[in-house]
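1. Just the structure for this:
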Amino acid sequence: MSAPVAGPRHILAIDQGTTSTRAIVFDDRGRVVSSGQREHRQHFPQPGWVEHDATEIWQGTRHVIGVALADAGITRHEVAAVGITNQRETVIVWDRATGKPIHRAIVWQDTRTQDAVDALAAEGGIRRFAEKTGLPLATYFSATKIAWILDHVEGARERAERGELAFGTPDSWVLWNLTGGVHGGVHATDVTNASRTLLMDLATLDWDDELCAAFRVPRAMLPDIRSSSEVYGHAEPKSLLRETPIAGILGDQQAATFGQVAFDAGESKNTYGTGNFLIVNTGTERVLSENGLITTVAYQLGDEAPRFALEGSVAVSGSLIQWLRDNLGIIRSAPEVEALAKTVDDNGDVYVVPAFQGLFAPYWRPDARGAIVGLTRFATKGHIARASLEAVAYQTLDVFEAANSELEAPITELRVDGGMVGNELLLQFQADVLGIPVVRPAVTETTALGAAYAAGLAVGLWKDTDELRALWAEDRRWEPAADAATREHGIARWHRAIERTLDWVE
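-> Model (predicted):
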């Protein structure tokens, strides 16, 4: 790592998420100084389709940067570097000459390419490319989404092959625009995001010609793959951040892991965002899961060897609470779900399985669909609210047990972060079903913090990961309190509920 330097003592992190974009200013102690946030629209053109307007996302990014700097009372001169973290797998394809997207972004939750996935899996099964990529074949990942856009926008495939179009996950889109766009913008991504496309070989950390051919994605449209912590370029001259180095990129879940200082093999975290993501660091070893988990790049710092991780990806957690609010109308705001759940003593034997896009890890069942089971006249909206929170915890249990089966030593405590960790009923129930302590850090903005740490390391604001580890502090922990019989009964009923959701899509 670089030696510490005198100069600016702040890092600005851009967190481009599934539902909103945020900019957060951190000081050199990893503390939040200010933030700006703007939501963007969710487009659902057909059942199973989820899209974003990439232009709206970039406009929102510019806005929140200004808000965060203004609220902090600083200018670019006090910012040592910018870090980027982002929703992964989401596909943006744009015209290099005009800077305009040729189609709405296709979001990681989107399932429109299931037929293409099935066709690829017909030869070799869903783990056909897992040895190279660490990933099962699924609509979740980027490759089939890229091909869909090229097949459905007139002339796009030919233009992509000529190098006229660019692909990127949202980190690449933000980086390209920040560094000048059509006027010399840097077209790059980092290893963590590249590892989610189904196009990168984990052994070489480079795009793979065989994979590109199989998915029909022209290599000419792909960004350069770089480490997670280096100077990629500088903000373009006309921006608020002009000449500030852009020095860190991490996919959101890897960024949260980095922000939780889970740098070593065996260390883990669980993030409760739109989806739910458990990551366990496996060090420099690539562990191929036999129990439904993903092998992914955890991070790479400059020229150092990459670190890998096992990940349990759950599609729906925070978005389940949004569904209660927006579709059912039983709460007016997401935080109200805890108070509503507390109006009842238990779930009333009601179980919610939010398989809105099928089931992700550890099941990988695209045929599943959501269900509420166990309903009687006794059930109220309080029971549904409580069962929804419990569903988030039970989904974590499923990936947690899969992870423990892959590890030499079991996970002994779970560090948590994300938008739902203010919900104390959820965290107590999580500790109860896991049977281990659940720990919330003092700084819960760990996704943005991880991107800030990566950028700060690249420019010498922090000297090494040991210094970052010393900055982490615990806020509160929840110890398991449920008796064994209650815990086991609930888990058994949850798994029965899961069975009811399978084979719905023919």
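2. ranges for the helices of the stretch 101-250 of the chain?
-> 114-121, 130-133, 143-152, 156-161, 170-178, 191-194, 209-215 (DSSP state H, counting those that start in this stretch).
3. can you tell which of these is closest to Gly251?
-> Nearest of these to Gly251, taken as CB to CB: helix 191-194 at 4.3 Å. In short, each C-beta sits where N, CA and C put it, glycine included.
4. Can you tell me which helices and strands that closest one packs against?
-> strand 224-226, strand 245-251, strand 294-299 (3 or more CB pairs under 8 Å, 6 or more residues apart in numbering; DSSP states H and E).
5. what's the neighbour count on Arg487?
-> 16 (other CB atoms under 10 Å).
6. show me the contacts for Asp28.
-> By CB atoms under 8 Å, 6 or more residues apart in numbering, the residues touching Asp28 are 9-10, 456, 461-462.
7. Got the confidence number for Leu407?
-> At Leu407, the model reports a pLDDT of 84.
8. Pull up the gap between it and Arg415, please.
-> 16 Å (CB to CB, to the nearest Å).
9. which of the two has more neighbours?
-> More crowded of Leu407 and Arg415, by other CB under 10 Å: Arg415, with 26 against 15.
10. doesn't the more buried one fall inside a helix?
-> No. Using DSSP: H, G, I helix; E, B strand; the rest coil, the assignment for Arg415 is strand, not a helix.
11. Give me the distance from stretch 21-40 to the chain's centre.
-> Chain-centre distance of stretch 21-40: 17 Å, with CA atoms, centre = their mean, to the nearest Å.
12. coming back round to it: what would the helices of the stretch 101-250 of the chain look like in TSV with mean neighbour count and distance to Phe258?
-> Rendered in TSV, the data for the helices of the stretch 101-250 of the chain read as follows (neighbours: other CB atoms under 10 Å; distance: least, CB to CB, whole Å):
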stretch	mean neighbour count	distance to Phe258
helix 114-121	16	30
helix 130-133	18	22
helix 143-152	22	25
helix 156-161	18	32
helix 170-178	27	14
helix 191-194	29	9
helix 209-215	16	26
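13. Among those, which comes closest to Trp494?
-> helix 114-121 (25.6 Å).
14. That closest one versus helix 143-152: what angle between them?
-> 120 degrees (axes from the mean of the first three to the mean of the last three CA atoms, to 10 degrees).
15. Which one, of the helices of the stretch 101-250 of the chain, ends up nearest to Ala72?
-> Across the helices of the stretch 101-250 of the chain, closest to Ala72 is helix 170-178 (CB to CB), at 18.3 Å.
16. Residues contacting that closest one, please?
-> Contacts of helix 170-178 (CB under 8 Å, 6+ apart): 14, 16, 54, 57-58, 61, 82, 84-87, 90, 92, 94, 99, 105, 166, 168, 185-190, 193, 223, 232-233, 235-236, 239, 241, 246, 249, 251.
17. how far does the helix or strand hosting Gly456 sit from the chain's center?
-> Element membership for Gly456, per DSSP states H and E: helix 446-459. Chain-centre distance of helix 446-459: 16 Å, with CA atoms, centre = their mean.
18. Which parts of it count as buried, going by neighbours?
-> 446-459 (16 or more other CB atoms under 10 Å).
19. Tell me which other helices or strands that helix touches.
-> Going by 3+ CB pairs under 8 Å, 6+ apart, helix 446-459 lies up against strand 10-16, strand 20-26, strand 79-86, strand 229-234, strand 245-251, helix 252-259, strand 268-272, helix 465-469.
20. any idea which of these is most buried?
-> Counting by mean count of other CB atoms under 10 Å, helix 252-259 has the highest mean neighbour count of those, with a mean of 32.
21. Now tell me what touches that one from outside.
-> Outside helix 252-259, the residues that reach it (CB under 8 Å, 6+ apart) are 15, 17, 85-88, 192, 228, 250, 268-269, 271, 273, 277, 279, 281, 296-299, 309, 311, 313, 417-418, 443, 445-454.
22. Extract the C-alpha trace of that helix and format it as PDB.
-> Output of helix 252-259 as PDB, limited to C-alpha atoms (Å, rounded to 0.1, in the frame of the first residue of the first chain):
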ATOM      1  CA  ASP A 252     -21.900  -3.600  -3.300                       C
ATOM      2  CA  GLN A 253     -21.700  -6.800  -1.400                       C
ATOM      3  CA  GLN A 254     -17.900  -7.000  -1.600                       C
ATOM      4  CA  ALA A 255     -17.800  -3.400  -0.500                       C
ATOM      5  CA  ALA A 256     -19.900  -4.100   2.500                       C
ATOM      6  CA  THR A 257     -17.500  -7.000   3.400                       C
ATOM      7  CA  PHE A 258     -14.600  -4.700   3.000                       C
ATOM      8  CA  GLY A 259     -16.300  -2.000   5.200                       C
END
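23. how near is the closest residue to Val33 other than its chain neighbours to Thr447?
-> The spatial neighbour of Val33 that comes closest, neighbours along the chain excluded (CB to CB, 6 or more residues apart in numbering), is Val25 at 4.3 Å. As defined by CB to CB, Val25 lies at a distance of 15 Å from Thr447.
24. Also Leu434?
-> Applying CB to CB to Leu434 and Thr447 gives a distance of 22 Å.
25. What of Arg38?
-> Arg38 is 16 Å from Thr447, by CB to CB.
26. tell me the SS of the residue with the largest distance to the centre of the chain?
-> Distance from the C-alpha centroid of the chain, by CA atoms, centre = their mean, peaks at Arg377 (38.3 Å). Secondary structure, three-state DSSP: Arg377 is coil.
27. Now do the contacts for it.
-> Per CB under 8 Å, 6+ apart, neighbours of Arg377: none.
28. before we move on, what about Phe308?
-> Applying CB under 8 Å, 6+ apart, the residues near Phe308 are 134, 202, 281-287, 295-298.
29. Looking at those residues, which one is closest to Ile411?
-> Using CB to CB, the contacts of Phe308 come closest to Ile411 at Asn281, 10.9 Å.
30. Could you pull up phi and psi at the closest one?
-> phi -70, psi 130 (degrees, to the nearest 10).
31. quick one on the thing from earlier: tell me the spacing between the residue nearest to Val33 and Thr179.
-> 20 Å.
32. And Leu427, by the same measure?
-> 40 Å.
33. the more surrounded of those two?
-> For Leu427 and Thr179, the more surrounded residue by other CB under 10 Å is Leu427, and the numbers stand at 23 against 20.
34. Please, which helix or strand holds that one?
-> Going by DSSP H and E, Leu427 is in helix 424-434.
35. Ramachandran angles for Arg88?
-> phi -90, psi 170.
36. and the gap between the nearest residue to it once chain neighbours are set aside and Ser317?
-> Leaving aside its sequence neighbours, Arg88 sits nearest to Gly251 (CB to CB, 6+ apart; 4.1 Å). Distance, Gly251 to Ser317, using CB to CB: 17 Å.
37. Now do the lengthiest helix in the chain against strand 268-272, angle only.
-> Longest helix in the chain, counting residues (DSSP state H): helix 381-406. Orientation of helix 381-406 against strand 268-272 (the same axes, to 10 degrees) gives an angle of 160 degrees.
38. begin at 574 from here
-> Done: numbering now begins at 574, and the last item shifts to helix 954-979.
39. Give the other helices and strands that helix 954-979 contacts.
-> Looks like helix 954-979 contacts strand 841-845, strand 849-856, strand 880-887, helix 891-896, helix 909-914, strand 924-926, helix 997-1007, helix 1057-1074 (3+ CB pairs under 8 Å, 6+ apart).
40. how about those in TSV, adding mean pLDDT and distance to Phe788?
-> Output for the helices and strands packed on helix 954-979, formatted as TSV (pLDDT from 0 to 100; distance: least, CB to CB, whole Å):
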stretch	mean pLDDT	distance to Phe788
strand 841-845	90	28
strand 849-856	90	24
strand 880-887	92	20
helix 891-896	91	27
helix 909-914	94	39
strand 924-926	95	31
helix 997-1007	95	37
helix 1057-1074	94	29
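41. Just put these in TSV and tack on distance to Gln619.
-> Converted to TSV, those look like this (distance: least, CB to CB, whole Å):
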stretch	distance to Gln619
strand 841-845	28
strand 849-856	25
strand 880-887	23
helix 891-896	18
helix 909-914	28
strand 924-926	23
helix 997-1007	32
helix 1057-1074	21
